[in-house]
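**Student:** the sequence and its predicted three-dimensional model are supplied below.
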Amino acid sequence: QLVLVESGGGLVQPGGSQRLSCRLTGGSLDFYDIGWFRQVSGKEREGVSAIHAATGRTFYSESVKGRFTISKDNRKNTVYLEMNNLKPDDTALYYCAAVPASIKLYSDPGEYEIWGQGTQVTVSS
């Protein structure tokens, strides 16, 4: 059974940095594209970043481009989201999700099939 577990959330001051981790068990990152999403209560889930299984091609939303970096370590079956220069608007519940690898790298949460439980990131002084 494919399971995703996020970690690394918490409270950080504006301008600070934080790294989220998403570990995949029951499968291999060689065969799954991974996306990071975030959601604020009352709002739709937003695609933040994604990484392609085979090519390592990446996607970033305009709101995080230049501040967030997605990467993966296939040996550890883990995807990371390095977040820098954090802003209060980045406060959200962050999820990672997986979909079997395909030619297109999806940013739409509706395309992803397996979801983690989420980790809260709060940016506040």
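**Tutor:** Alright, I've got the coordinates.

**Student:** only C-alpha atoms, please: export the host helix or strand of residue 98 in CSV.
**Tutor:** Per DSSP states H and E, residue 98 falls inside strand 92-100. The C-alpha trace of strand 92-100 is given here as CSV (Å, rounded to 0.1, in the frame of the first residue of the first chain):
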residue,chain,number,x,y,z
ALA,A,92,-1.2,26.8,5.5
LEU,A,93,-1.6,23.1,5.9
TYR,A,94,0.9,21.6,3.5
TYR,A,95,0.3,18.2,1.8
CYS,A,96,2.4,16.0,-0.5
ALA,A,97,0.7,13.8,-3.1
ALA,A,98,1.7,11.2,-5.6
VAL,A,99,0.5,10.2,-9.1
PRO,A,100,1.9,7.5,-11.4
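
**Student:** parallel or antiparallel, which strands does that strand pair with?
**Tutor:** strand 32-39 (antiparallel), strand 114-115 (antiparallel), strand 119-123 (antiparallel) (DSSP bridges).

**Student:** residues making contact with the next helix or strand after the longest one?
**Tutor:** Just to be clear, that refers to strand 32-39. Going down the chain from strand 32-39, the next helix or strand is strand 46-51, by DSSP H and E. Residues from elsewhere that reach strand 46-51 (CB atoms under 8 Å, 6 or more residues apart in numbering): 33-39, 57-61, 63-64, 68, 70-72, 79, 81, 92, 94, 105-109. C-betas here are computed from N, CA, C, even on glycine.

**Student:** what lines up beside strand 46-51 in the sheet?
**Tutor:** Strand 46-51 has its sheet partners listed here by DSSP bridges as strand 32-39 (antiparallel), strand 58-60 (antiparallel).

**Student:** returning to what we had before: tell me which of the strands paired with strand 92-100 sits most buried.
**Tutor:** Most buried of these, by mean neighbour count (mean count of other CB atoms under 10 Å): strand 32-39, with a mean of 24.
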